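I need the structure of the sequence given here:
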Amino acid sequence: MNPEELAYWYWLTDVRGIGPIISKKLVDEFGTPAQVFGTAKSEIVLRTGIRHSLTDNIDHSKNNIERYVRLAENQVRVAEIVNGHILTCADSPYSKFYRNHNDDRALPAVIHAIGDIGFLSEHTFAVVGTRRASEDAKEEAYELAHNLATAGFPVASGLALGIDTMAHRGALEAGGRTIAVLGCGADVKYPLENATLYSSIAEKGLIISEFPFGTRPTSENLRKRNRTIIAISQAVVVAQCSLQSGAMIAARFAAQQKKPIFTFRYGETTDNSGGDWLISKSLAVQLENPTVEGFLHAVDSYQGTEANVDKMFSEIWPKKPRKKKSAMKTDKSKKSKRRVTAAPAESSGQAQRSEILQSRMVLEGSIGQQTSANRVDEAFHFKLGDNVMHSTFGKGKIVNIVRSGSDYQVTVRFSEKKLRTLSWQYANLTKL
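Predicted structure coming up:
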């Protein structure tokens, strides 16, 4: 995939509020992210039914497309340096796995990988848990992962310390397959304590991330990492965890995706309050032993709950009460005053809201300077009424032109019912 096409994938997956489910709906309806980009928001609402607030976000984000082009160019270079891959759901071999499983899984539309992408399998099982694991829990996680890998099943986890580490080691030492899903760039060794394990998985297994190469780990990224671990797995074992833990976030994603969840029972000295809570709510089944036969039988006989999962989890993660309107106005007033006295920090704050653009800021230093507005003006030679040709939509007529930063948004009518607004610099329009 060339950088220009990849840029639209980065753009779509970085729009505020657009997660894996909605991005799939948009791509299924319009074909490619570039076509989503060129579609008027009114038509997006009409054909997909998504909220107007999301189409507003889509529209506002179009001004940043040049940044995503530079990011894509940089990421392609980095992938070559680290011997990695950038795959979208339109690429093989990831596309086959994506098509077969994304009806019930929140698979990311773009993944960055190092290792053997063929390790992605419909029979992958996840083993996750606490960083501060007991010796009994570590032993259970290691043995189960070792047994699964020996039997030919890939084992997925998050490369964290504790249970995740033991799961990866168990699979590797069995000579089997293991997949590490990261909450940072696939080329970032995090945590540093697992640098050696990271290198072993990169050589003998698969490392994947939905975040661009070079992205730093954040709490939000790690949360999304748990979603992807569940998305690529058929079932998950939460070996040990407390109620307030990242493994419980993984369990919640599994319950939402109706994936089988399992855990172990331990003595009173071991804190597995999260696993015990899952069992008490009939969300998880207790595993009696870590044999493959016992585990596969448990997976086949698993019966999930029909209860409202989000409501159940609100018991341990209650929603924060909404602020009163008067309080909100006061807060906004304070924020606006802070902006006046600290204007230089505003732009960096905006960049931090986007993990993809944050990665771009870190990595793009070697990329050339942005095209100046004057040069854009000199090159732009279209006017209202011009007949044009587009490689995808065919012949059309320009009906509107709007200056947008250092670019132009050109609206073209290709037929009576087909109206498209395109970014001029990336639309490849030819005047007839």
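
pLDDT weak spots in the stretch 301-432 of the chain?
319-378, 391-392, 404-406, 425-427 (pLDDT under 70).

oh, I was asking about the stretch 101-250 of the chain
102-105.

show me where it has strands.
110-115, 125-128, 155-157, 178-181, 206-209, 235-238 (DSSP state E, counting those that start in this stretch).

mind checking which of the ones you listed is nearest G394?
Nearest to G394, of all those, is strand 110-115, at 28.3 Å by Cβ to Cβ. Quick note: C-beta positions are derived from backbone N, CA and C, even for glycine.

now for the closest one, which elements pack on it?
helix 3-14, strand 85-88, helix 195-204, strand 206-209 (3 or more Cβ pairs under 8 Å, 6 or more residues apart in numbering; DSSP states H and E).

can you name the element that comes right after whichever strand in the chain runs longest?
For the chain, the longest strand by residue count, based on DSSP state E, is strand 394-404. As assigned by DSSP states H and E, the chain's next helix or strand after strand 394-404 is strand 407-413.

what's the helix or strand just after that next one in contact with?
Sequence order places strand 419-423 as the next helix or strand after strand 407-413, per DSSP H and E. With contact meaning Cβ atoms under 8 Å, 6 or more residues apart in numbering, strand 419-423 is reached by 37-40, 43, 62, 65, 390, 393, 396, 399-400, 404, 407-414, 429.

can you give me the angle strand 419-423 makes with helix 3-14?
Angle, strand 419-423 to helix 3-14, by axes from the mean of the first three to the mean of the last three Cα atoms, to 10 degrees: 110 degrees.

and strand 419-423, how far out from the chain's middle?
27 Å (Cα atoms, centre = their mean, to the nearest Å).

that strand to strand 394-404, inter-axis angle?
50 degrees.

return the most buried member of the helices and strands packed on strand 110-115.
Each of those was scored by mean neighbour count; the highest is strand 206-209, a mean of 26, by mean count of other Cβ atoms under 10 Å.

strand partners of that strand, parallel vs antiparallel please.
Applying DSSP bridges, strand 206-209 is found paired with strand 110-115 (antiparallel), strand 178-181 (parallel).

tell me which residues touch Q409, please.
62, 401-402, 421-424.

for A250, find the nearest of the strands of the stretch 101-250 of the chain.
Using Cβ to Cβ, the nearest of those to A250 is strand 125-128, at 5.1 Å.

list the contacts of the closest one.
For strand 125-128, using Cβ under 8 Å, 6+ apart, the contacting residues are 141, 144-145, 148, 153-158, 163-164, 167, 226, 229-230, 232-239, 241, 246-247, 250, 295.

now do it: distance to the chain's middle.
18 Å.

partners of it, with directions?
When DSSP bridges is applied, strand 125-128 pairs with strand 155-157 (parallel), strand 235-238 (parallel).

okay, how far is it across stretch 421-428, tip to tip?
Start and end residues of stretch 421-428 are separated by 13 Å (Cα to Cα, to the nearest Å).

circling back: just say which of the strands paired with strand 206-209 is most tucked in.
When the strands paired with strand 206-209 are compared using mean count of other Cβ under 10 Å, strand 178-181 is most buried, at a mean of 30.

from the middle of its chain, how far away would it be?
15 Å.
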